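Trainee: Provide a 3D model corresponding to the input given below.
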Amino acid sequence: MRAALMYGAGDVRVENVPDPQIVEPTDAVVKVVAACICGSDLWPYASKVPTAEGARMGHEFVGTVEEIGADVTGISVGDFVIAPFVASDGTCDYCREGLQTSCRHGAHWGSDGVDGGQGERVRVPQASGTLVVVPAGFDEQLVPSLLALSDVMSTGYHAATKGGVAPGKSVTVIGDGAVGLSAVLAAKMLGAERIILMGRHAERTKLGREFGASDVVVERGADGVARVKELTAGDGTHVVLEAVGLKPALETAFQVVRPGGVISRVGAPQFEDVPFGFGPFMQNITLTGGVAPARAYIEKLLALVLDGVIQPGKVFDRVIGLEEVPAGYRDMADRKVLKVLVRP
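Mentor: Here you go, the predicted model:
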């Protein structure tokens, strides 16, 4: 079959790879109907050290079950399924606590012999715990929104729930990428009274307003902080959702959060030191967030998608074929598109 591999920074190729097969009785094989390129894929795309063997890419996909192992339950051949970005067994203590990203028997797409999502088919470990079945008869036009649940929408929802977004709360979202926009949508769902989106790409912030942002701040750094303070009578907001992953974004978060407020960070961090010193300590700031256990949220969000309440698939602004994946990476890295959907 054909699949995308990354050999180094800027070097993505689509090549022939072995067809997936059932290895463990808990496996399933899924034919990919739609996958995508994630903003987090752009970090290795910018910095990966060249290797002789490429790394399989892609951790977000939806598709049709073609084969199941002998121990797989709750899933049948022919089911349309959503695969969250981490595989999990659904039965260990962490999974039962809703922390499937820490599953004791979990797996990550594209590593340790597991297929990546940017390919024609995927062997899914721990299929019973990992895959979420979409009820038959859904509208094909919902596929982008179903795909968004595999990562970005669930991540945005994780940010908002960990941040304690609720009716009456004010929220700042830092970052106008797909996760940031999903965080806006999630904050609106949870009843935020005011949502300030910090982003400077006009087409993206336009979608942010559609998703529920009441204000857009295009300024960065000190000017951006001043603008948020101006919009909030000098206080800042109760909650800040950081969806970038760079240190300046988190520094901004600490400057625009209200005393007693919460910063929820879900941008994949590209730094180690956190600026949580005496100032935030004296203001009783809470820092939370982390990698989203998407599997914990998909079923709830799926019902909202199927009922037409939310349309997170609007974050996809380009659709390409599998052979076009290298160009898709280039265009996302060059900020020509927000998020690329791949149709193998």
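
Trainee: C-alpha from now on. contacts and neighbour counts both.
Mentor: Fine.

Trainee: looking at it, residue 268 is touching residue 42, isn't it?
Mentor: No: with contacts counted by Cα atoms under 8 Å, residue 268 stays clear of residue 42, the gap being 11.0 Å.

Trainee: so how far is the strand or helix carrying residue 223 from its chain's centroid?
Mentor: Assigned by DSSP states H and E, residue 223 falls within helix 221-231. Its chain's average C-alpha position is 27 Å from that of helix 221-231, according to Cα atoms, centre = their mean, to the nearest Å.

Trainee: now do stretch 87-101
Mentor: On Cα atoms, centre = their mean, the centre of stretch 87-101 falls 18 Å from the chain's centre.

Trainee: Just the endpoints, please. Distance across that stretch?
Mentor: End-to-end distance of stretch 87-101 (Cα to Cα, to the nearest Å): 8 Å.

Trainee: Lowest mean pLDDT among the helices and strands, pick that one out for this protein.
Mentor: helix 278-282 (a mean of 89; mean pLDDT, DSSP states H and E).

Trainee: For the closest residue to residue 102 other than its chain neighbours, grab the count of nearby residues.
Mentor: The shortest distance from residue 102 to any non-neighbouring residue, by Cα to Cα, 6 or more residues apart in numbering, is to residue 94 (6.2 Å). Residues lying near residue 94 (other Cα atoms under 10 Å) number 16.

Trainee: Might you report the residue contacts of residue 94?
Mentor: Applying Cα atoms under 8 Å, 6 or more residues apart in numbering, we find residue 94 in contact with 100, 102-104.

Trainee: now swap in residue 95 and tell me
Mentor: Per Cα under 8 Å, 6+ apart, neighbours of residue 95: 88-89, 101-103.

Trainee: Got a quick ChimeraX command for the buried subset of those?
Mentor: Typed into ChimeraX, the next command selects the buried ones out of the contacts of residue 95 (criterion: 16 or more other Cα atoms under 10 Å):
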select :88,89,101,102,103
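
Trainee: nearest to residue 204, of the contacts of residue 95?
Mentor: Comparing the contacts of residue 95 against residue 204 with Cα to Cα places residue 101 closest, at 28.8 Å.

Trainee: Confirm that closest one sits in a helix?
Mentor: Yes: the assignment for residue 101 by DSSP: H, G, I helix; E, B strand; the rest coil puts it in a helix.

Trainee: Count the neighbours of the closest residue to it other than its chain neighbours for me.
Mentor: In space, and not counting its chain neighbours, residue 101 is closest to residue 293: 5.1 Å by Cα to Cα, 6+ apart. By the measure other Cα under 10 Å, the count of residues near residue 293 is 23.

Trainee: Need phi/psi at residue 293.
Mentor: Main-chain torsions, residue 293, degrees, to the nearest 10: phi -80, psi 80.

Trainee: and the gap between it and residue 146?
Mentor: Taken as Cα to Cα, the span from residue 293 to residue 146 is 16 Å.

Trainee: Could you do residue 230 as well?
Mentor: Counting by Cα to Cα - residue 230 and residue 146 are separated by 38 Å.

Trainee: tell me the contacts of residue 284?
Mentor: Per Cα under 8 Å, 6+ apart, neighbours of residue 284: 259-261.

Trainee: most neighbours, which of these?
Mentor: Ranking these using other Cα under 10 Å puts residue 261 first, with 25 neighbours.

Trainee: you'd agree that residue is in a strand?
Mentor: Yes: the assignment for residue 261 by three-state DSSP puts it in a strand.

Trainee: That one - nearest residue in space that isn't next to it in sequence?
Mentor: Once flanking residues are discounted, residue 261 sits nearest to residue 238: 4.7 Å by Cα to Cα, 6+ apart.

Trainee: Now do that neighbour: how many residues are near it, please.
Mentor: 25.

Trainee: How about the secondary structure of it?
Mentor: strand.

Trainee: And the least confident helix or strand of the chain, what's buried?
Mentor: So helix 278-282, judged by 16+ other Cα under 10 Å, has buried residues residue 280.

Trainee: can you give me the end-to-end distance of stretch 230-248?
Mentor: End-to-end distance for stretch 230-248: 20 Å, by Cα to Cα.

Trainee: how far away is residue 104 from residue 25?
Mentor: 18 Å.
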